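Participant: sequence and predicted model, in that order:
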Amino acid sequence: MSAHARPTRTSFWLAYSRRLHQKPAAAPVSTPRRSSAVVTIGFFGGIAGLTAAYLFWPTTYRGAPTVTARPLSLRHFTPLTVTASEDVGPHLKLITLHVPPESRPDPTTSEDPLAMQPIWSLFVKDDDLQVERPYTPLEGIDAEGNVKLWVKRYPRGEVARWLHAKRPGDTVEVRGPQRTLPMHERELEEVVMISGGTGYAPFHQLLHDRLLLDRPDDNRSNCRLTLLHGSKNVAELPPPEYLGPLFDYAQKHPDELAIHLFVDEPPAGGLDRPYNVTPGRIDAQAIRDRLGLPDNNKRSWWARIWGNGTPAHSHTRQVFTHDGKILIAVCGPEPMVAAIAGPYGRNYSQGSIGGALAELGFKASEVYKL
Ligand SMILES: Cc1cc2nc3c(=O)[nH]c(=O)nc-3n(C[C@H](O)[C@H](O)[C@H](O)COP(=O)(O)OP(=O)(O)OC[C@H]3O[C@@H](n4cnc5c(N)ncnc54)[C@H](O)[C@@H]3O)c2cc1C
């Protein structure tokens, strides 16, 4: 999951701080006196650059007011009360926020009626540092106005650490909804989701909405859905109360949903949950096996031209039906996204396709990095 999906000031800061940690390929040759002058100029130049970036970097967030008694919106922050915060794994919390009735968006009158179509997220503002980060409500906003966030804390991460410290009764300000994945499901036949860690949250929101909510049949997705999810270990898998119902659904409707779980560290004393996990990371071989792709990796030139990519293994679940009717969405820590789909481009744009999916012959138009 890119820390920040668009060129906000925060993503600039993170990208900048990462660049600071990179070593130059070759050190310039200079005298000590000249190099100290260069360092001084570089230092003040850097400060001036950062100040300019702070002042001029475009972001809707800067200056967004805080308002109450109005529907949630990207244009302002809305204070919400934390009603629960429970540990659900190492460095992982399930945090519940309550949206009062007057702040619940009404899609029929909203400024963007599609904004709450899965997959969407909310920006949470860290009041201390005045920075915001997006988080994905696992089940949207439920009938009682609850928003559940599954949040991982990083040792040096700012906002998640701040959010983990919040207790029931505290207030956090949110901005959104913001649509994260533009998806035209009616044009698709197959949606494959590949997630790592809390990168599962956006896909849970989609699967919960499409498969578990009681909704009229014509609103249901006709796509076949496949989730490949990886966590470090079993304790860091998505909470069972969320994963469990989807597993049950997949067992009852294998043609609609398939779920494959992976863990870096195999469980030592067996698995205390009723589903199978595969030891190891999600790589090209794992994707090929789980999607039933042919062993020779690539789709043939014939399939590419005529759109008939039916895999050779007729006994496995077939993915390629028609070219362009598959979407593979990838969400997780940046190194994982890079290994599976290639690195993000500048300012967390999509970049070119690489990694395992390129190796398997997928095209950039079939892949989306959240
Ligand atoms: C659309 C979207 C939805 C998301 N949904 C969720 C969700 O549901 N749940 C969830 O947990 N996350 C989610 N995220 C990720 C979330 O927005 C944050 O990026 C994440 O919580 C980290 O933010 P932070 O402020 O805690 O860490 P940051 O301060 O942004 O740091 C992030 C990482 O960089 C490292 N780092 C920090 N400072 C430096 C530095 N100076 N140099 C090098 N490395 C550094 C940290 O150690 C950490 O590993 C989502 C992201 C997007 C884009």
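Facilitator: Structure's in. What do you need?

Participant: what sits against the closest residue to the ligand within the stretch 51-200 of the chain?
Facilitator: Closest residue of the stretch 51-200 of the chain to the ligand, Cβ to the nearest ligand atom: residue 157 (2.6 Å). (C-beta placed from N, C-alpha, C; glycine too.) Shown here is residue 157, which makes no contacts under the criterion Cβ atoms under 8 Å, 6 or more residues apart in numbering.

Participant: how much space separates it from residue 63?
Facilitator: 25 Å (Cβ to Cβ, to the nearest Å).

Participant: over to residue 343?
Facilitator: Distance from residue 343 to residue 63, by Cβ to Cβ: 32 Å.

Participant: more neighbours: which of those two?
Facilitator: Using other Cβ atoms under 10 Å as the criterion, residue 343 and residue 63 rank with residue 343 on top: 14 against 6.

Participant: show me the helices in the chain, by range?
Facilitator: Secondary structure of the chain (DSSP state H): helices located at 9-21, 32-56, 159-164, 200-207, 240-252, 284-291, 301-306, 334-341, 355-359.

Participant: before we move on, back to that, and the pLDDT for the residue of the stretch 51-200 of the chain closest to the ligand?
Facilitator: pLDDT for residue 157: 94.

Participant: kindly report the same for the one 3 residues further on.
Facilitator: What the model reports for residue 160 is a pLDDT of 97.

Participant: ok, it touching residue 151?
Facilitator: Yes - the criterion here is Cβ atoms under 8 Å, and residue 160 meets it with residue 151 at 5.3 Å.

Participant: between these two, what contacts are shared?
Facilitator: If you check residue 160 and residue 151 against Cβ under 8 Å, 6+ apart, no residue is contacted by both.

Participant: ok, residue 242 - contacts?
Facilitator: Residue 242 neighbours (Cβ under 8 Å, 6+ apart): 138, 150, 204, 208.

Participant: filter those residues down to the ones near the ligand?
Facilitator: residue 150 (Cβ under 6 Å from any ligand atom).

Participant: ok, and the most crowded of the contacts of residue 242?
Facilitator: Going by other Cβ under 10 Å, residue 204 tops the contacts of residue 242 with 28 neighbours.

Participant: how about that residue, nearest residue that isn't a chain neighbour?
Facilitator: Spatial nearest neighbour of residue 204, chain neighbours left out: residue 138 (5.0 Å); criterion: Cβ to Cβ, 6 or more residues apart in numbering.

Participant: bridging residues for the one you found?
Facilitator: residue 140 (DSSP bridges).
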